[in-house]
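1. for reference, the sequence and a predicted model appear below.
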Amino acid sequence: MTETHLPTSNWRRAYALRLWISDLLVLVWVAYGTQIAWFGAGEAQIAMRDDSRITDISYWVFSGALVVFWMWSLSFIDSRSYRVIGTGNTEYVRIIDASFRLFGLIAILAFLLRVDLARGYLLISLPVGILVLTLERWLWRQWLNAQRSMGRYAARVLLVGSETSVAQIARELQRNTSAGYQVVGACVPSGKVASTVPDTAIPVMGSVDAIERAMFATNADTIAVTSTDELPPSKVKQISWNLQAGRQHLVLAPSIVDIAGPRLHTRPVAGLPLIHVETPRFSRGQLFLKRTLDVSASAVGVVLLSPIFAFLAMSIRLSSEGPVFFRQIRIGRSGREFTMLKFRSMVTNAEELLESLQRERHEQGIDSGNEVLFKMKNDPRVTPIGRIMRKYSLDELPQLFNVLGGSMSLVGPRPPLPQEVEQYATHVHRRFLVKPGITGLWQVSGRSTLSWEDTVRLDLSYVENWTMLGDLAILAKTAKAALAPGESAH
């Protein structure tokens with residue numbers, strides 16, 4: 001049997017083993033590398049206090065023990081569990097948590113046992129170990145995501161529920177292949193075998209009473225219950241009881257999407273697993289942290305990028321008539337207007353040409369795929385230097401001054417035009433709970449190829465689930481997205 005067609009439990013064990021081996025190699029390199037860098041290749045002993053009855057220990061032995069206990073800590077906290085690999089920040093958070101707990105315990109024991117450990121050795125090995133472990137796991141994740149994009153190393157999921165809920169969950173899972181769920185079939189109330197779920201290519205394997213047969217036919221290893229309209233609690237329990245422990249899994253997929261992280265809490269009450277969804281709120285501490293990141297990072301960015309600013313300004317001035325900067329009124333936090341800065345990438349009469357372009361495309365029956373935002377490939381209004389700037393999002397750089405001024409943030413929803421806001425549905429105004437951003441989920445998830453529905457979904461997901469780690473992850477992804485060919489959002 002090839003690795004591509006390994007049963008679920010087998011590929012999970014195989015991937016966990018690969019992580020275990022690579023973690024071991026990384027920690028051996030970190031522990032002994034730090035020791036040699038700090039003490040040299042000679043024999044170094046841990047200094048004991050005079051009244052200590054413990055025999056002196058060589059740092060060669062201590063480094064080996066550190067590797068063993070570090071590996072144990074990573075296993076104890078389930079950092080290699082299939083539940084955290086492939087997507088989200090939980091895997092990295094667990095690595096950091098386990099590492100700090102281990103080194104904290106070492107410091108406490110050293111104090112209680114009156115052992116003089118070299119502080120430099122510990123202070124170097126901890127951050128270096130976390131950094132290299134995280135990089136190693138990130139590299140494995142890229143490999144895993146590539147495999148999952150080809151349908152490998154993923155749980156084979158059978159969706160159970162109403163046709164509407166099945167279609168909704170299926171679209172979300174198919175949108176994010178890195179999550180590791182490959183939908184192979186569905187059981188719906190109608191149970192029309194040989195048909196497909198409306199608006200999807202998912203085959204219907206039978207009714208909700210044919211789950212066992214459907215799992216066998218599709219070789220599914222995971223059941224995802226998308227709604228309980230046709231499934232009383234006793235039926236859900238029966239499904240879970242019939243699953244093979246450790247090899248088959250049951251997932252309850254509520255129809256609330258784009259809500260995650262700290263807003264979700266599961267609390268058992270009288271035998272009922274109640275899911276608490278907190279309303280989004282932004283404390284003064286959160287706002288202070290976000291503003292601190294904005295000011296410090298944008299200030300550093302302006303200083304480091306000043307040569308690029310000067311080069312682009314000169315290129316714009318020499319290549320076409322008009323000002324270097326393009327100023328435009330946008331809508332910011334709480335619906336307030338502000339002037340957004342960009343390097344001018346279009347001809348000076350671009351706004352005057354917009355209406356005629358929209359009318360021409362409408363007459364030709366061309367649909368942009370976004371009913372609110374105007375998007376056009378090979379826009380004739382874009383200058384040659386502007387096309388290069390847009391390809392790498394360089395035209396957005398002056399917005400660092402907007403961030404310093406407080407009208408924008410580094411990360412946030414896309415800043416809309418006033419005429420766009422006039423077309424907003426009521427719920428879309430929730431975007432204004434935070435400052436608009438230079439980049440955001442919309443920027444790293446498709447940019448100008450997104451539909452309006454997807455743009456709103458990503459913006460509201462960001463607003464309602466904001467975290468500092470999420471901002472840092474988006475900033476990291478933005479650097480990668482900016483280097484990929486494509487046009488920036490207008």
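-> Okay, I see it. Numbers count the residues shown, from 1 in each chain.
2. strands of the chain, start to end?
-> Secondary structure of the chain by DSSP state E: the strands cover 47-48, 115-116, 155-160, 181-187, 204-206, 222-225, 249-252, 264-269, 272-277, 325-331, 337-343, 409-411, 437-439.
3. residue contacts, the residue lying closest to Trp38 once chain neighbours are set aside?
-> Nearest in space to Trp38, with sequence neighbours left out and distances taken as CB to CB, 6 or more residues apart in numbering, is Tyr121 at 4.9 Å. For the C-beta atoms, the positions are set from N, CA and C on the backbone; glycine is no exception. Applying CB atoms under 8 Å, 6 or more residues apart in numbering, we find Tyr121 in contact with 34-35, 38-39, 59.
4. now do 10 Å
-> Tyr121 makes contact with 31, 34-35, 37-39, 44, 46, 59, 62-63, 66, according to CB atoms under 10 Å, 6 or more residues apart in numbering.
5. for Val403, same thing?
-> By CB under 10 Å, 6+ apart, the contact list for Val403 reads 291, 293-295, 297-299, 301-302, 409-412, 435, 437-438.
6. any idea which residue sits dead centre in this protein?
-> A centroid search over the chain (CA atoms, centre = their mean) returns Gly88, at 5.3 Å, as the residue closest to the centre.
7. just checking, Ala41 touches Tyr59?
-> No. Taking contact to mean CB atoms under 10 Å, the distance of 11.2 Å between Ala41 and Tyr59 leaves them out of contact.
8. these two: which is more packed in?
-> Tyr59 (23 against 7; other CB atoms under 10 Å).
9. just to revisit the earlier point, need the strands of the chain in TSV with distance to Leu25 and mean pLDDT, can you?
-> Output for the strands of the chain, formatted as TSV (distance: least, CB to CB, whole Å; pLDDT from 0 to 100):
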stretch	distance to Leu25	mean pLDDT
strand 47-48	30	66
strand 115-116	28	82
strand 155-160	28	89
strand 181-187	30	88
strand 204-206	44	86
strand 222-225	32	87
strand 249-252	31	84
strand 264-269	36	64
strand 272-277	40	64
strand 325-331	50	92
strand 337-343	46	94
strand 409-411	35	94
strand 437-439	35	91
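10. of all the ones you listed, which one is nearest Asp454?
-> For these, the distance to Asp454 is smallest for strand 437-439, at 16.2 Å, taking CB to CB.
11. can I have the buried ones of the contacts of Tyr121 as a ChimeraX selection?
-> Paste this into ChimeraX to select the buried members of the contacts of Tyr121, with burial taken from 16 or more other CB atoms under 10 Å:
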select :31,34,35,38,39,44,46,59,62,63,66
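12. which pair of the contacts of Tyr121 spans the longest distance?
-> Across these (CB to CB), the longest gap, 17.1 Å, separates Ala37 and Ile46.
13. what's near enough to touch Gly440?
-> Under the contact definition (CB under 10 Å, 6+ apart), the residues listed for Gly440 are 409-415, 434, 455, 458-459, 462-463, 471, 474, 478, 489.
14. cool, and Ile385?
-> Ile385 is in contact with 312, 315-316, 318-320, 343-345, 394-395, counting by CB under 10 Å, 6+ apart.
15. same thing but 7 Å
-> The neighbours of Ile385, taking CB atoms under 7 Å, 6 or more residues apart in numbering as the test, are 315-316, 319.
16. next: Thr34.
-> Under the criterion of CB under 7 Å, 6+ apart, the contact list for Thr34 reads 121, 124-125, 128.
17. picking up where we left off before, of the strands of the chain, which is nearest Trp70?
-> Using CB to CB, the strands of the chain put strand 115-116 closest to Trp70, at 18.1 Å.
18. quick one: strands adjacent to that closest one?
-> Within its sheet, strand 115-116 is paired with strand 47-48 (antiparallel), according to DSSP bridges.
19. pLDDT below threshold where in the stretch 1-150 of the chain?
-> Residue ranges of the stretch 1-150 of the chain with pLDDT under 70: 1-9, 47-56.
20. same question, the stretch 351-490 of the chain
-> In the stretch 351-490 of the chain, residues with pLDDT under 70: 351-378, 380, 446-450, 481-490.
21. do that again at 90, thanks
-> Confidence mapping of the stretch 351-490 of the chain against pLDDT under 90 gives the ranges 351-395, 414-434, 439-490.
22. sorry, back to before: in ChimeraX, how would I select the buried members of the contacts of Val403?
-> Here is the ChimeraX command that selects only those of those that count as buried (16+ other CB under 10 Å):
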select :293,294,297,298,301,302,409,410,411,412,435,437,438
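23. for Gln328, state which of the contacts of Val403 is nearest.
-> The shortest distance between Gln328 and any of the contacts of Val403, using CB to CB, involves Ile438 and amounts to 14.2 Å.
24. before we move on, back to that, which of the contacts of Thr34 count as buried?
-> With burial judged by 16+ other CB under 10 Å, the buried subset of these is 121, 124-125, 128.
25. redo the residues you listed as JSON lines? Include distance to Asn402.
-> As requested, the buried ones among the contacts of Thr34 are arranged in JSON lines below (distance: CB to CB, whole Å):
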{"residue": "Tyr121", "distance to Asn402": "45"}
{"residue": "Ile124", "distance to Asn402": "39"}
{"residue": "Ser125", "distance to Asn402": "42"}
{"residue": "Val128", "distance to Asn402": "37"}
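26. what's the closest of the contacts of Ile385 to Leu27?
-> Using CB to CB, the contacts of Ile385 come closest to Leu27 at Ser315, 48.8 Å.
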